[in-house]
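Asks: I would like the atomic coordinates for the input below:
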Amino acid sequence: SELHFDEVKCTSMNDFDNNRTGWRKFTFLLFVCSTTGDGEFPDNATMFHKFFIRQKNHPDDLLAGKKFAVLGLGDTNYSRFCQAAKTLDRRLEELGAARFYARGEADDAYGLETVVEPWIDGLWAALSRAAAARHPPHPSGTATTGGASERPLTAISESAKSTSTPQPRGDTSDCSSSATQRALRKDADTVRSVTARIASWERLTPESSDNTVVLLNFDVPPATQWLPGDAVSILPSNDAAEVEEILRHFECAGDELFLPPTANGVSSLFPTAPIYDHIKYPITYREILTHIVSLRIHRAGKQILSVFLLHTHDPAEQSLLSSWMMPSNAGKAGASIGDSRLSLLDLLRKFHSSKPPFRHVMEYLMVLQRRPYSVCSAKLASPTTLSICFKVVPHGVCTSWLQRECARFAAGQQVEMTLCFRPTPEFRMPQDPQVPLILIGPGTGVAPFVAFLEHREAIARQSGIPAGEVQLFFGCRTNANDYIFRDKLSSFVSNKVITTLHVAFSQEANSGFFWYGGCYVQDKMQECSHYLCEQFVHRNAHVYVCGDAESMARDVHRVLIDIVEQHLQCSTYDATSFIQRMIDEGRYQRDIWTSSQ
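Replies: Residues are numbered from 1 along each chain as shown. I've put the predicted structure just below:
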């Protein structure tokens with residue numbers, strides 16, 4: 001039978017304790033929560049985390065009578081997989097809510113949809129049972145059957161928007177709402193951005209390399225503040241030529257106004273689509289394609305395929321679209337859906353007989369997202385120059401756009417862009433410049449360490465006191481084509497900012513123990529394992545890792561455990577516990593990622 005609720009509301013987690021949400025009248029709470037950083041909650045759940053997770057003076061029955069389910073989104077390439085969802089699930093139960101459906105933990109390393117889709121399929125039956133139950137379900141998630149009418153349902157998402165449902169006016173019983181609003185305003189005030197102007201750029205890899213890595217230098221106002229380890233987020237735009245071809249496929253005039261979904265005569269499949277949160281009207285079709293939506297089709301592109309399927313009468317196209325949408329093809333033909341190289345333009349070219357309405361497709365595209373880049377310059381060294389470096393990813397949205405902006409600058413144009421600062425408190429140098437550092441950053445992962453070293457060099461110059469020892473492990477494919485920041489790192493060695501520079505080449509012979517063939521940073525760590533163990537066991541050295549999570553970060557973590565196990569002659573369990581204590585103490589910090597665009 002059809003499941004019916006009197007009211008359904010979708011909102012971000014930061015709006016949970018907010019008069020506009022009116023969550024207290026809802027019985028069922030569904031949470032979708034990703035994990036960022038080292039097990040942290042995402043940005044639009046930070047206030048929820050402060051008031052419901054960290055604040056411990058809530059009554060134990062604050063959520064009594066509420067029934068909940070949590071879907072976690074994570075990546076097993078990171079050590080604290082789905083940690084935010086696990087913390088949320090536990091805290092909701094502590095505050096008196098009853099779990100009516102087991103927590104889902106989707107893994108982006110293997111495809112979120114492999115867990116998300118079965119979890120959603122099972123959700124409806126569990127929700128139906130819980131809604132019909134006379135009493136709250138047992139904490140284990142099992143529910144009894146009974147005859148109670150449905151109650152309102154609210155879905156709390158870390159990425160969702162509020163619906164247009166009329167809002168309640170007088171929920172003045174919320175004694176903490178004013179504090180929440182003050183904290184929300186304070187949190188908003190801490191999001192800093194500056195308008196920066198490109199000052200110069202240079203290619204860090206030679207033309208002979210098939211990797212293009214660019215150092216991009218910005219002029220920023222003198223009052224701009226940042227610390228080593230910080231990152232800036234940049235919002236790209238889509239390629240103008242690609243936008244114009246898409247407009248031709250849709251037979252749309254680029255200057256035509258794109259109306260709100262509630263306007264008279266507008267046909268909308270998804271009137272609460274995330275794109276509407278990012279639109280300021282009036283806006284044209286061309287502006288939607290250029291500045292609002294991502295033109296890449298990600299793993300969650302099944303809805304777009306269904307729109308294309310609905311509007312084609314070609315049997316071959318219908319068959320292929322249906323095949324791509326089958327869950328069993330997630331790793332076969334459906335892999336094209338999850339390929340970041342697949343674009344909207346690719347679909348329009350391949351399924352040319354399908355003529356879906358422009359709006360229906362736009363509503364199921366992802367919104368363009370800011371991309372973070374580590375700052376690779378120190379404020380102390382150059383107060384008005386902020387630098388980032390990036391590797392140009394084929395078909396990448398932001399790196400391709402940055403490359404186009406560099407070309408505009410080279411052609412003599414003045415190029416400005418907004419830099420939004422992303423403080424990274426989980427990736428910070430120790431305040432004492434005498435503390436030894438072990439820095440591990442292959443490829444562009446070395447970028448934040450350039451800022452670390454510039455900062456230490458400036459402090460030593462100002463104080464006249466040499467800084468503590470630094471062991472830097474850098475890796476790349478070949479000496480001639482991929483050794484970025486070569487001159488800069490050599491200068492740090494000459495100036496005794498770096499004590500020892502360990503360079504690993506993965507595709508050619510190396511000096512040292514692994515001289516006979518290619519090696520990686522973790523191999524270079526093994527060469528001096530006794531020294532490293534002495535540093536972080538007995539000399540309080542801090543370990544920092546930056547770069548690829550899919551293989552490097554895991555291997556480095558394993559090597560650290562092996563080093564402790566070998567040189568302290570302890571069990572794997574004890575060695576793992578020791579490394580975990582370093583994490584808890586802030587002496588082992590990582591800034592890692594799985595992909596870049």
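Asks: what about the stretch 401-550 of the chain, any weak spots by pLDDT?
Replies: 512-516, 550 (pLDDT under 70).
Asks: next one: the stretch 201-350 of the chain
Replies: Ranges of the stretch 201-350 of the chain meeting pLDDT under 70: 298-301, 327-341.
Asks: Helices of that one, start to end?
Replies: Counting by DSSP state H, counting those that start in this stretch, the stretch 201-350 of the chain has helices at residues 240-250, 285-287, 302-310, 315-325, 335-338, 344-350.
Asks: how distant is the third one from the center of its chain?
Replies: Distance of helix 302-310 from its chain centroid, counting by CA atoms, centre = their mean, to the nearest Å, is 26 Å.
Asks: could you say what helices and strands it packs with?
Replies: helix 315-325, helix 344-350, helix 358-362 (3 or more CB pairs under 8 Å, 6 or more residues apart in numbering; DSSP states H and E). All C-beta spots, glycine's among them, are computed from the backbone N, C-alpha and C.
Asks: Tell me which of those helices is the most buried.
Replies: helix 358-362 (a mean of 21; mean count of other CB atoms under 10 Å).
Asks: Pull the residues that contact the helix or strand just after it.
Replies: For helix 358-362, the succeeding helix or strand toward the C-terminus, using DSSP states H and E, is strand 371-374. Strand 371-374 is contacted from outside by 229-236, 388-390, 397-399, 422, 444, 447-448, 451, 546, 591, 596-597, using CB atoms under 8 Å, 6 or more residues apart in numbering.
Asks: what residues does whatever helix or strand L402 lives in touch?
Replies: Using DSSP H and E, the element containing L402 is helix 397-410. Helix 397-410 is contacted from outside by 198, 201, 212, 214, 216, 234, 236-239, 294-296, 368, 371, 390-393, 415, 417, 596-597, using CB under 8 Å, 6+ apart.
Asks: mind checking which of the helices and strands packed on helix 302-310 is nearest F258?
Replies: helix 358-362 (7.5 Å; CB to CB).
Asks: Keeping just the C-alphas, turn stretch 208-223 into PDB.
Replies: Provided in PDB are the C-alpha atoms of stretch 208-223 (Å, rounded to 0.1, in the frame of the first residue of the first chain):
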ATOM      1  CA  SER A 208      58.100  17.000 -22.300                       C
ATOM      2  CA  SER A 209      56.000  15.800 -19.400                       C
ATOM      3  CA  ASP A 210      52.600  14.500 -20.000                       C
ATOM      4  CA  ASN A 211      51.600  16.000 -16.600                       C
ATOM      5  CA  THR A 212      50.900  19.700 -16.500                       C
ATOM      6  CA  VAL A 213      51.500  21.200 -13.000                       C
ATOM      7  CA  VAL A 214      51.100  24.900 -12.700                       C
ATOM      8  CA  LEU A 215      52.200  27.300  -9.900                       C
ATOM      9  CA  LEU A 216      49.700  30.200  -9.800                       C
ATOM     10  CA  ASN A 217      50.600  33.400  -7.800                       C
ATOM     11  CA  PHE A 218      47.900  35.900  -6.700                       C
ATOM     12  CA  ASP A 219      48.200  39.500  -5.500                       C
ATOM     13  CA  VAL A 220      46.000  39.800  -2.400                       C
ATOM     14  CA  PRO A 221      45.200  42.700  -0.100                       C
ATOM     15  CA  PRO A 222      47.800  43.300   2.600                       C
ATOM     16  CA  ALA A 223      45.200  42.600   5.300                       C
END
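Asks: In that stretch, which residues are buried?
Replies: Applying a neighbour-count criterion of 16 or more other CB atoms under 10 Å, one finds 209, 211-218, 220 buried in stretch 208-223.
Asks: Identify the residues contacting that stretch?
Replies: 194, 196-205, 376-377, 383-392, 402-403, 406, 419, 444, 477, 480-482, 484.
Asks: Is G72 part of a helix or strand, or is it coil?
Replies: Per DSSP: H, G, I helix; E, B strand; the rest coil, the secondary structure class of G72 is strand.
Asks: what number of residues lie near it?
Replies: Residues lying near G72 (other CB atoms under 10 Å) number 25.
Asks: wait, what's in contact with it?
Replies: 33-35, 82, 84-86, 89, 103-106.
Asks: What pLDDT does the model give it?
Replies: Each residue has a pLDDT score; the one for G72 is 94.
Asks: Check A133 too.
Replies: pLDDT, A133: 71.
Asks: now S551
Replies: 76.
Asks: And the contacts of helix 397-410, which of them are buried?
Replies: If you count burial by 16+ other CB under 10 Å, the buried members of these come out as 198, 201, 212, 214, 216, 234, 236-239, 294-296, 368, 371, 390-393, 415, 417, 596-597.
Asks: Any of the contacts of strand 371-374 buried? List them.
Replies: Using 16+ other CB under 10 Å, the buried members of these are 229-234, 236, 388-390, 397-399, 422, 444, 447-448, 451, 546, 591, 596-597.
Asks: can you tell me which of these are in strands?
Replies: 231-234, 388-390, 422, 546, 591 (DSSP state E).
Asks: Pull the most distant pair out of these.
Replies: That would be I234 and C546, which, of those, are the farthest apart (CB to CB) at 18.3 Å.
Asks: if we can go back for a sec, I'd like the helices and strands packed on helix 302-310 laid out as a markdown table, including distance to I53.
Replies: Formatted as a markdown table, those follow (distance: least, CB to CB, whole Å):
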| stretch | distance to I53 |
| --- | --- |
| helix 315-325 | 37 |
| helix 344-350 | 38 |
| helix 358-362 | 35 |
